[in-house]
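> Take a look and give me a structure for this.
(chains A and B)
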Amino acid sequence: MLWYTGRRVLQMIPVFFGATFLIYFMVFSLPGDPIAALYGDRPPAPGVIEQIRAQYNLDKPLLQQYLIYIGNFFQGDLGTTYSGRPVSDVMAGAFPITFRLAMLALVFEAFAGILVGLVAGLRKGKWFDASALVVSLLLISVPTFVLGFLFRLIFGVQLGWFRTTVSSEAPWGELILPALVLASVSFAYIVRLTRASVADNLNADFVRTATAKGLSRRRVVTVHVLRNSLVPVVTFLGVDLGSLMVGAIITEGIFNINGVGGTVYKAIVLGESTTVVSFIAVMVVIFVLANLLVDLLYAALDPRIRYAK
Amino acid sequence: MSQTLTDTNPGGVESDEQPLLQIRNLEVGFQTQRGLVPAVRGVDITLYSGQTLAIVGESGSGKTTTAQAIIDLLPGAGKITGGQVLFEGRDLTKLSPKDIQAVRGNLIGYVPQDPMSNLNPVWNIGFQVEEAIKANGLAQGKEARARTIQVLQEAGLSDAADRLKQYPHQFSGGMRQRVLIGIGLSARPKLLIADEPTSALDVTVQRQILDHLGTLTRDYGTSVLFITHDLGLAAERAEQLVVMYKGKIVESGPSQEILANPQHPYTQRLVSAAPSLASRRIQSAKHASVGDSGIYGGGSLDDTLVARAAERESLAPVKDLISIDNISKVYRIRKKGLRSEELKAVDGVTFGIQKGTTTALVGESGSGKSTVAKLVLQLESITSGSIEFDGQDVAGLKGKELLKFRRRVQPVFQDPYGSLDPQYSVGNTIAEPLLAHGVGTAKERQERVKELLDQVSLPWSSRFRYPSELSGGQRQRIAIARALALKPDVLVLDEAVSALDVLVQGQVLNLLTELQTELGLTYLFITHDLAVVRLVADNVCVMQKGRIVEAASTDDVFDNPQQAYTQELLAAIPGGNFQFGR
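Sure thing, here's the model as predicted:
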């Protein structure tokens, strides 16, 4: 198990450097000069632009810039925006909100998705199963912004259960509605994945043997069907955790949430390259960690993986 | 042995005692899109306490369905549509789900067929046994753990205490089957249903396990309901026999009587086709087969086989077509961490095959026999040694030369389900080698397909059908036709008949023998089934742990085995000691 974990951690290293370098390279190759843009139509005094360039190391070759950046990154210095605000400040504002949103969405899609999928799988071909399939298909095919506005209209305006927009502190309660919208597509996939997996495992030989042992139906389903069925679902959840943590531009936009997605979007539009690169570097780390978590969970759920080479 | 069986045979006698299990006019159907398809049609079985009864039949005969219906284990679409299952006078078909749950495990134990798929891969062995003990209220907590170890030890796992925390994939097939037997017997049930408990295992392991099962059930006074396709095994292990065919019982009674004097034509066919009995039968087959009615399709091991057997005797020694000299194959196995270990799958094997003869490679799984097949086919490269085919070293063959070699040496594999592309029609499958080697025009290829289908006794119309629409035997015929497409000199048959039912097996063996005579083919026949070897092989090489331990003519190996291992293999053939009637 230690060896397994160690190998996965080692694999993270090239992924991290490869991804950050590519992003750094791409962002700084974008056309447009952010320093010139700072001054609008009135050109600054001669020498000022050069000075600012030197301050941000923009006058050095790209590879050297990257190495300086990575060196600072590991010392906790994520750089400053071109308006002088530390990027770490910007992150401290955005990440907690996205974290809360992601957790709510994840909890919802995992619990509701697995539950609905399990019941549908156990009653394959019955009306519950049929309706679960139709609803999940609808959720998958309707675009998020349509669903977002629809939810806001129904639950926010007409029923008045939730606030239609999220305040800048974004407390848990206000994030429930956006989290439901954010989770909807993944929820649909989890329902389908669990359902197929459960229906498959129900026909497995070891399930029949478990029944023949004299176990109750409940025990057969929870101990022998459900655990085996969760392996693919957990994989999906882990990957989804990664994408939830890196923000959701559309959902954040609809509900006016100042999370990671919106912040990165604004930074890209403004050409704030340092901000973009730092955010994305952190996202890469989160993604890689989420995948590590999946691999570990996977091994915990399936001993065959744990003991394989 | 037969003496003791006849003596302790209570089933033939009418008894006042209430039967333990009485199945009356049982009907089971499967719900399909085309309506209810009957699988069991009016079955009556009576089993007394302490008795062992075997249900014999080919796949699809309804034997497993009957067994599963007893404790309501039928798969989703299956339903009992009529009849009664009386267990100690109580009708099990009328019980509520909760009541039948109390019967399962506790009163009626179940040992399933395939040890590979019947243990949950994600729970350790201890958990899966303990679960059964707890569910049946035998013991809780620490006591349950102690009981688990005891159950496993009784089932023949002597190091059970150390292996509780291990997972199924860390156990061999035989060990897993012992675990399943332990589970089935853990609550000391009155009846044990054993559904093909050893079909997936090697003969020697099979014998150990069946012996053990026999001892346990005798000690506890457990009745056993055996489900098997192996007539020899049924005869050896059960006092009572029920022969099922297409969902109906065609014959039932004491095993000895049925096998010595089968009444129903189907049973007669089954007895005559059972290859495990062939060692006593091949000489008499000729006149016996004259009376065959043939109502269930052709396929007894008839004149051709006998003719071939006679021909073998007169065969003059010629130069070997294939000569294998001291070949070895070493695999590197990755171990924990970066270390790796060498595994000698084949270790210094030497033998030769003469043109037009059949050489059988026999051994248990893991003996390296299939690896030899792969080496001969040049699907894997040899580590050392040499293989000569028709005077040419084949080890370094490349490009055109290799293609030429492949054209002359063709394989037929074990699994007729897996070796045919489900998306390819029969015609395309057979024509594929011709296409791959660029033989002939489209029209000529079509002609060849027609000829080949004819050779394997399939109608020309079957060229448009797909593998999923065919039976196992038909599929294997197609695999053979495909192998013959390029007019090869040699067929390498890797367990080519092992997956087939006895009757079908007989037909395919017959076909192979005919083709050999007709086309002058040379066979390398790889099998774990010694009984089949007797029917088709001229020479036998017995393999164990990568080495050939005994090599001789077929008659020598069977009548006068020199090595202890060969003797053990021969003794393990179920029903080998019985005399069978026709």
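
> low-confidence ranges in the chain?
I'll assume chain A. Along chain A, segments meeting pLDDT under 70 span A:1, A:31-41, A:307-309.

> if you could check chain B rather than the one you did, that'd help
Applying pLDDT under 70 to chain B picks out residues B:1-16, B:200, B:274-318, B:334-339, B:575-582.

> helices or strands up against the helix or strand containing B:F525?
Per DSSP states H and E, B:F525 falls inside strand B:522-527. Packing partners of strand B:522-527 (3 or more CB pairs under 8 Å, 6 or more residues apart in numbering or on different chains; DSSP states H and E): strand B:320-334, strand B:340-354, strand B:358-362, helix B:369-376, strand B:490-494, helix B:530-536. Using the backbone N, CA and C atoms, a C-beta is placed for each residue, glycine as well.

> which secondary structure elements does the fifth one contact?
Applying 3+ CB pairs under 8 Å, 6+ apart, one finds that strand B:490-494 contacts helix B:369-376, strand B:409-412, helix B:472-484, strand B:522-527.

> can I get these in CSV with mean neighbour count?
Shown next, in CSV, are the helices and strands packed on strand B:490-494 (neighbours: other CB atoms under 10 Å in any protein chain shown):
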stretch, mean neighbour count
helix B:369-376, 24
strand B:409-412, 23
helix B:472-484, 24
strand B:522-527, 25
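
> what's the closest of those to B:G76?
With CB to CB as the criterion, B:G76 lies closest to helix B:472-484 of those, at 23.9 Å.

> For B:P112, the count of nearby residues, please.
Number of residues near B:P112 (other CB atoms under 10 Å in any protein chain shown) recorded here: 26.

> Now do the contacts for the nearest residue to it once chain neighbours are set aside.
Using CB to CB, 6 or more residues apart in numbering or on different chains and skipping residues adjacent in sequence, the residue nearest B:P112 is B:N118, 4.3 Å away. Contacts for B:N118 (CB atoms under 8 Å, 6 or more residues apart in numbering or on different chains) come out as A:D205, A:F206, A:R208, A:T209, B:P112, B:R176, B:L180.

> remind me, longest helix of chain A?
helix A:87-122 (DSSP state H).

> Can you classify the closest residue to chain B within the stretch 101-250 of chain A as helix, strand or coil?
Using CB to the nearest CB, the closest approach of the stretch 101-250 of chain A to chain B is made by A:G214 at 2.8 Å. Put simply, A:G214 is coil when judged by DSSP: H, G, I helix; E, B strand; the rest coil.

> The contacts of B:N118: which two are farthest apart?
Using CB to CB, the contacts of B:N118 span at most 15.4 Å, a distance reached by A:R208 and B:R176.

> Write out the residues of chain B neighbouring chain A.
Counting by CB under 8 Å from any CB of the partner chain, chain B comes close to chain A at B:71, B:73, B:75-76, B:97, B:101-106, B:109-110, B:112-114, B:117-124, B:131-132, B:135-136, B:167, B:169-170, B:180, B:183-184, B:187, B:334-337.

> run the last query once more with 6 Å
Neighbours of chain A within chain B, by CB under 6 Å from any CB of the partner chain: B:73, B:104-106, B:110, B:112, B:117-122, B:132, B:135-136, B:167, B:169, B:334.

> how about the residue nearest to B:P112, phi and psi?
With angles defined as degrees, to the nearest 10, B:N118 sits at phi -100, psi 0.

> Next one: it from A:H224, what distance?
11 Å (CB to CB, to the nearest Å).

> same question, A:V285
Relative to A:H224, and taking CB to CB, A:V285 is found at 37 Å.

> More neighbours: which of those two?
A:H224 (26 against 16).

> Pretty sure that one sits against A:R208.
No. With contact defined as CB atoms under 6 Å, A:H224 does not reach A:R208; the gap is 9.9 Å.

> nearest residue to the one residue in chain B that gets nearest to chain A other than its sequence neighbours?
Residue of chain B nearest chain A, by CB to the nearest CB: B:G105 (2.8 Å). Take B:G105 and drop its neighbours on the chain: the residue closest to it by CB to CB, 6+ apart is A:G214, 2.8 Å away.

> Tell me how many other residues crowd that neighbour.
Close neighbours of A:G214, defined as other CB under 10 Å, add up to 29.

> got the helices and strands packed on strand B:522-527 as CSV, with distance to A:F111 columns?
What follows is the helices and strands packed on strand B:522-527, written out as CSV (distance: least, CB to CB, whole Å):
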stretch, distance to A:F111
strand B:320-334, 39
strand B:340-354, 44
strand B:358-362, 56
helix B:369-376, 48
strand B:490-494, 50
helix B:530-536, 56
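
> which one of those lies closest to B:L92?
Of the helices and strands packed on strand B:522-527, nearest to B:L92 by CB to CB is helix B:530-536, at 37.5 Å.

> packing partners for the following helix or strand past that closest one?
Using DSSP H and E, the helix or strand that follows helix B:530-536 in sequence is strand B:539-544. When contacts are defined as 3 or more CB pairs under 6 Å, 6 or more residues apart in numbering or on different chains; DSSP states H and E, strand B:539-544 sits against strand B:358-362, strand B:547-553.

> Kindly recompute the last result at 8 Å.
By 3+ CB pairs under 8 Å, 6+ apart, strand B:539-544 packs against strand B:340-354, strand B:358-362, strand B:547-553, helix B:554-559, helix B:564-571.

> who touches it?
B:349, B:351, B:353, B:357-364, B:367-369, B:372, B:533, B:548-554, B:557, B:563, B:565-566, B:569.

> That strand pairs with which strands, parallel or anti?
Its sheet considered, strand B:539-544 pairs with strand B:358-362 (parallel), strand B:547-553 (antiparallel) by DSSP bridges.

> then that strand to CSV, C-alphas only?
Listed next in CSV are the C-alpha coordinates belonging to strand B:539-544 (Å, rounded to 0.1, in the frame of the first residue of the first chain):
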residue,chain,number,x,y,z
ASN,B,539,1.3,-40.6,-28.7
VAL,B,540,1.0,-38.9,-25.3
CYS,B,541,3.3,-36.5,-23.5
VAL,B,542,2.4,-35.9,-19.9
MET,B,543,3.5,-32.6,-18.6
GLN,B,544,4.1,-31.4,-15.1
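
> tell me the helices in the stretch 1-150 of chain A, going along the chain?
For the stretch 1-150 of chain A, the helices defined by DSSP state H, counting those that start in this stretch occupy A:2-28, A:34-38, A:48-55, A:62-74, A:87-122, A:127-141, A:144-151.

> And for the stretch 151-300 of chain A?
Going by DSSP H, counting those that start in this stretch, the stretch 151-300 of chain A shows helices at A:172-202, A:205-212, A:217-219, A:227-245, A:249-255, A:260-270, A:273-301.

> Which residues does the second one contact?
Counting by CB under 8 Å, 6+ apart, helix A:205-212 makes contact with A:201, A:217, A:219-220, A:223-225, B:71, B:73, B:75, B:104-105, B:109-110, B:112-114, B:117-121, B:131, B:180, B:183-184, all of which sit outside it.

> Now do the helix or strand containing B:K443 against helix B:472-484, angle only.
B:K443 is part of helix B:442-455 when elements are defined by DSSP H and E. Between helix B:442-455 and helix B:472-484, the angle comes out at 130 degrees (axes from the mean of the first three to the mean of the last three CA atoms, to 10 degrees).

> buried residues in helix B:442-455?
B:R445, B:R448, B:V449, B:L452, B:L453, B:Q455 (16 or more other CB atoms under 10 Å in any protein chain shown).

> and that helix, C-alpha only, in PDB?
The C-alpha coordinates for helix B:442-455 follow below in PDB (Å, rounded to 0.1, in the frame of the first residue of the first chain):
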ATOM      1  CA  ALA B 442     -13.600 -13.500 -54.400                       C
ATOM      2  CA  LYS B 443     -15.400 -16.300 -56.200                       C
ATOM      3  CA  GLU B 444     -12.700 -18.900 -55.500                       C
ATOM      4  CA  ARG B 445     -12.800 -18.000 -51.800                       C
ATOM      5  CA  GLN B 446     -16.600 -18.400 -51.800                       C
ATOM      6  CA  GLU B 447     -16.100 -21.800 -53.300                       C
ATOM      7  CA  ARG B 448     -13.600 -22.700 -50.700                       C
ATOM      8  CA  VAL B 449     -15.900 -21.600 -47.900                       C
ATOM      9  CA  LYS B 450     -18.600 -23.800 -49.300                       C
ATOM     10  CA  GLU B 451     -16.200 -26.700 -49.400                       C
ATOM     11  CA  LEU B 452     -15.100 -26.100 -45.800                       C
ATOM     12  CA  LEU B 453     -18.600 -25.800 -44.400                       C
ATOM     13  CA  ASP B 454     -19.300 -29.100 -46.100                       C
ATOM     14  CA  GLN B 455     -16.200 -30.600 -44.500                       C
END
